[in-house]
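Student: Got a sequence here, can you build the structure:
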Amino acid sequence: MKKVVAFCLPLLLVASIASAQDWGYMAVGNNMDGPIDVQVADLNGDTFPDLVTTTYYGGTLSWWENDGDAQYTQHDILTNMPGLVRVDLDDIDADGNIDIAYAREGYGPADHRAGWLSNDNGDASVWTDHVISDQAQGNMGMPWQIELFDMDSDGDLDAAIAGSQIGWFRNPGDGVSYWNRTDADFNEFQRVGIAKGDFNGDGRTDIVSARANGIAWWNDLSIGSNGTNWQHFSVGNNYEHPKAIDVGDLNGDGDLDLVACGDVGDGSTVSVFENFSGTGSSWDRIDISWGFYGVMDIGVADMDGDGDLDIYGAALGDDEVAWWENLGDHNYQKHVISILYNGASAVAAANIDMDDDIELVGVAHYAARVGFWDMNSSVYGLVLDLTPSADPLQVPQGGTFDYDLYFTATNTTGNLLAQYWIYAILQNGREYNISKEQFTYVSGNIFDLTLNQAVNGAPPGFFTLCVGVDVANEYVTDCFEFEVVPAQNADISGDIFPLNGYEWVARPVASETADLSSNETLPSEYALNAAYPNPFNPTTTLNIALPETADLTVVAYNVAGQQVAEIANGQFGAGQHNLTFDASNLASGLYFIRAMVPGQLNATQKVMLVR
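Tutor: From the prediction side, this is the model:
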C-alpha cells in the first residue's frame, strides 16, 4: 500500500487527508429504536468498563454489562420514555457508586425532563429514578445535554443543562426534591451542546455553550463561588447551533481550549477554539473539517498515545465516524474510521477492552446499533491501492485523467454491506464529495478498475483525489496528488469535479466463477436496498426486499425531520419491489427514506437531490 501524499496548505489550514487506519469493528447490540447517545463507565464495580445508551424513539435507557471478553449483556433501566437524549455518568450521591444523569426532550412540553438514576447497590442491579427538573416545575425548556459538576463549591455534584435554554440546577442532597434552578440564558436554537472547565485560571468551574448566534462561556463572579452571579464572554460568532462541545489543552500551553461541532452557513464544521489569551478573553478559531455533514458529537482524547490530545466525532448526515490527529502547530490530520455507520449520532473514547490503546464506542441512529472500533484489530483485511496514470500527474483545465483502482477484502465470508467514497481535497483543505454509493461486497471479489475523472471547474493548483471503501464498518483509503495546470480555451464551466457515475463492478476470482442458477428466489430477509441513482434528479428508484407478504410503509423526510412524501403504504407480496421517489416539487438537498414493516423492518437511508 502506498503512503498517502499530503501537500502543505497555506495559512495553517489543516492537512485533511484520510490515511489508512487498521480499525476493526466489534458489534455490541442491534435492534435499538433510534439510539442517540453512548457513555462509558464501570457501573457494577468489576473493573470492566460498561456502556450506557439511550434510544430516542424507543425511549429506553440501558446499561450494557461488559464481561471482560468483548461480550455484553443489555439491562434496561428506563423504558417507554420517548425523546431520551444525552446522559452523563458520575457519583451523584457520593456513595462510591457511578450514577446516571439524563436529559429528555420528549415529543412535547409535558415530556421535558432532567433526572438521575441512583445505583443503589453498587452492582447496577437496582436503580431508583429521581427528578432534577421537569415541566411541572416550570421554565425547563427542551433539555438536550446534561453535565455534572460542583457548581456552588458545596461538595456535591450539580447539573448544567443545555437545550432551548441554558441553566444549572443545585443538588438538594436528599435525592427526592426538585433541584433548584439558579441561573438561565435563553437560546435561539435547540439541541446545543454544553461543557465545563476553568477557562480563565481562577480555580472556579465555568460553563461553555451556545448563546444567540455563536459560542460563549459563563464566568462565576459570585462571592464564595456559590454560582449566583454569572457573566458571559464570547468565544466565537457566526457558529450556529453547536451540537456538541468538549474541552482540553489541545496546544499544550497550560490552559483549556475548546473543540466544537455545529452548523456554519450551509454546511457542518468541526472547529478548535484556542484560548489565545489564557484568560478566556481572546480565542483563535481553526476550522479543522468541513463537509462532516450533520455532525452530532465531538470529543477529545489522546487517540494515538503520543501525549497530546486528539479529536474524534460522529456525523449523522454522512454516516461517518472519524478522528483528527493533533500534529502540533495548529495542524490536524483526519482519519476516517467508518462511512457506513448509518446515522452516527454519538461516540465515546475509552479503553473498554483493558488493552494498551483507546477504543471508540459509537451508536448508529438509523442502523439501530451500538458497537466499538478497536485499533490494530482489523477483521476483514481490506486492501486498497490507487495508481494515477502519471507521476507527477498534471491535468489541463477542463481536462480529464485516468487512474487505476485495486481493492479486495482478504478475510470475508458471504455477502457484506459496503460503501465506496470518492472525494477530492481542495486547495483550502475542504473535502469535495464526488461520489458515495453503497454496494454488496461478495467474499473473494477483486475490484481492478480504470476510472476517469473530469476537472471541469478546477482552478490551477494542487489537489488530492481519495477513494475510501467501507466493508461492514471497516474502512480503508488511499489518495494521490495531482496538479491542474492552465490551458487556453479550456471549458471550465460546471462543478469543480463533476459526478461521473462510476460503475463499481467486481471481477470475481477464479473460484467464484462457477455457474450460478438463473432461477429467481425469494429474498431471505427484509431489506431496504440502496437507491439508484443517488445523487438523483428528480426521481430515484428504491428496492425493498420482502421474504413474505407484509404491510409496508415507505416515507421520505427532510433534514428537519418533516415528512415530505409517502412513497408506499399498504400490503405487498413477497419478492423484490422497485418504488419511485419523485422529488420534482422538492428543493435540492439531503432526504431520508424510511421503510417500515411492523416487527420486521425499520431501515433508513439517505438520498441527495441535486438540481
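Student: what sits up against stretch 275-283?
Tutor: With C-beta atoms under 8 Å, 6 or more residues apart in numbering as the test, stretch 275-283 has contacts from 199-201, 206, 217, 219, 233, 235-236, 253-258, 273-274, 284. For the C-beta atoms, the positions are set from N, CA and C on the backbone; glycine is no exception.
Student: For the residues you listed, which ChimeraX command selects only the ones that are buried?
Tutor: Burial among the contacts of stretch 275-283 is assessed by 16 or more other C-beta atoms under 10 Å; the matching ChimeraX selection reads:
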select :199,200,206,217,219,233,235,236,255,256,257,258,273,274
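Student: Mind checking which of the contacts of stretch 275-283 are in strands?
Tutor: Among these, DSSP state E puts 206, 217, 219, 233, 235-236, 257-258, 273-274, 284 in strands.
Student: ok, so what distance separates residue 132 from residue 104?
Tutor: Counting by C-beta to C-beta, to the nearest Å, the separation of residue 132 from residue 104 is 11 Å.
Student: can you check residue 344 too?
Tutor: Taken as C-beta to C-beta, the span from residue 344 to residue 104 is 22 Å.
Student: More neighbours: which of the two?
Tutor: The neighbour comparison of residue 344 against residue 104 (other C-beta atoms under 10 Å) goes to residue 344, with 30 against 26.
Student: Identify the residue nearest the more buried one in space, chain neighbours excluded?
Tutor: The shortest distance from residue 344 to any non-neighbouring residue, by C-beta to C-beta, 6 or more residues apart in numbering, is to residue 314 (3.9 Å).
Student: Just the element for that neighbour, please.
Tutor: If you go by DSSP states H and E, residue 314 is part of strand 310-315.
Student: Tell me which other helices or strands that strand touches.
Tutor: Identification of packing neighbours for strand 310-315 by 3 or more C-beta pairs under 8 Å, 6 or more residues apart in numbering; DSSP states H and E yields strand 267-275, strand 295-301, strand 320-328, strand 344-350.
Student: mind listing what the third one pairs with, with the direction of each?
Tutor: Pointing back at strand 320-328 there. Each strand paired with strand 320-328, and its direction, by DSSP bridges: strand 310-315 (antiparallel), strand 331-338 (antiparallel).
Student: what's the spacing between that strand and its chain's center?
Tutor: The chain centroid and the centroid of strand 320-328 are separated by 13 Å under C-alpha atoms, centre = their mean, to the nearest Å.
Student: what does that strand rub up against?
Tutor: With contacts defined as C-beta under 8 Å, 6+ apart, strand 320-328 is touched by 14-15, 18, 250-251, 270, 288-289, 292, 303-304, 308-315, 332-339, 341, 344, 347, 360, 362, 373.
Student: can we see that at 6 Å?
Tutor: 288, 303, 308, 310-312, 314, 332-339, 341, 344, 347, 362 (C-beta atoms under 6 Å, 6 or more residues apart in numbering).
Student: what is the mean pLDDT for it?
Tutor: Per-residue pLDDT over strand 320-328 has a mean of 95.
Student: do the last one as well
Tutor: Within the predicted structure, the mean pLDDT of strand 344-350 is 96.
Student: Between strand 310-315 and that strand, find me the angle.
Tutor: Going by axes from the mean of the first three to the mean of the last three C-alpha atoms, to 10 degrees, strand 344-350 is angled at 150 degrees with respect to strand 310-315.
Student: Mind listing the strands strand 344-350 pairs with, and their directions?
Tutor: Here strand 344-350 is paired, per DSSP bridges, with strand 359-364 (antiparallel).
Student: Give the other helices and strands that the helix or strand following the strand it pairs with contacts.
Tutor: Going down the chain from strand 359-364, the next helix or strand is strand 369-375, by DSSP H and E. Helices and strands touching strand 369-375, by 3 or more C-beta pairs under 6 Å, 6 or more residues apart in numbering; DSSP states H and E, are strand 23-29, strand 359-364.
Student: So which residue is dead centre in the protein?
Tutor: Residue closest to the average C-alpha location in the chain (C-alpha atoms, centre = their mean): residue 314, at 1.7 Å.
Student: Any figure for the gap between it and residue 361?
Tutor: 10 Å.
Student: Can you get me a residue count around residue 142?
Tutor: When counting by other C-beta under 10 Å, one arrives at 22 neighbours for residue 142.
Student: residues touching residue 496, list them.
Tutor: Each residue near residue 496 by C-beta under 6 Å, 6+ apart is listed here: 457-458.
Student: Confirm it sits in a strand?
Tutor: No. Using DSSP: H, G, I helix; E, B strand; the rest coil, the secondary structure at residue 496 is coil, not a strand.
Student: Okay, now the unreliable bits of the stretch 351-500 of the chain?
Tutor: Across the stretch 351-500 of the chain, the ranges flagged by pLDDT under 70 are 491-492, 500.
Student: if you set the cut-off to 80 instead, what comes out?
Tutor: 428-429, 489-495, 499-500 (pLDDT under 80).
Student: same check, this time on the stretch 201-350 of the chain
Tutor: For the stretch 201-350 of the chain (pLDDT under 80), the answer is 211-213, 222-229, 238, 240-241, 263-267, 291.
Student: on that earlier part again, quick one, which of the strands paired with strand 320-328 is packed in tightest?
Tutor: strand 310-315 (a mean of 27; mean count of other C-beta atoms under 10 Å).
Student: Need the contact partners of that strand.
Tutor: Counting by C-beta under 6 Å, 6+ apart, 259, 261, 270, 292-300, 303, 321, 323-326, 344, 346-347, 349 sit against strand 310-315.
Student: Once you drop chain neighbours, what's closest to residue 446?
Tutor: Residue 446 sits nearest to residue 408 (C-beta to C-beta, 6+ apart), 4.6 Å away.
Student: Now do the spatially closest residue to residue 404 that is not a sequence neighbour: how many residues are near it, please.
Tutor: Leaving aside its sequence neighbours, residue 404 sits nearest to residue 387 (C-beta to C-beta, 6+ apart; 4.5 Å). Residue 387 has 15 neighbouring residues, counting by other C-beta under 10 Å.
Student: Work out for me the element residue 387 sits within.
Tutor: Using DSSP H and E, residue 387 sits in strand 382-388.
Student: Show me what that strand is packed up against.
Tutor: Checked by 3+ C-beta pairs under 6 Å, 6+ apart, strand 382-388 has strand 400-409, strand 474-485 packed alongside it.
Student: List the pairing partners of the first one within its sheet, with orientation.
Tutor: Spelled out, that is strand 400-409. Partners of strand 400-409 in its sheet, by DSSP bridges: strand 382-388 (antiparallel), strand 446-454 (antiparallel).
Student: ditto for the last one
Tutor: Using DSSP bridges, the strands paired with strand 474-485 are strand 394-396 (parallel), strand 461-471 (antiparallel).
Student: Please work out which of those is packed deepest.
Tutor: When the strands paired with strand 474-485 are scored by mean count of other C-beta under 10 Å, the highest mean neighbour count falls to strand 461-471 (a mean of 22).
Student: Residues contacting that one, please?
Tutor: 7, 336, 338-340, 380, 384, 386, 407, 409, 416, 418-425, 427, 441, 476-477, 479, 481-483.
Student: what angle sits between that strand and strand 23-29?
Tutor: Using the same axes, to 10 degrees: strand 461-471 against strand 23-29 is 40 degrees.
Student: show me what contacts the closest residue to residue 179 other than its chain neighbours?
Tutor: Spatially, and ignoring its direct neighbours in sequence, residue 179 is nearest to residue 169 (3.7 Å; C-beta to C-beta, 6+ apart). Taking C-beta under 6 Å, 6+ apart, we find residue 169 in contact with 132-133, 159, 179, 181.
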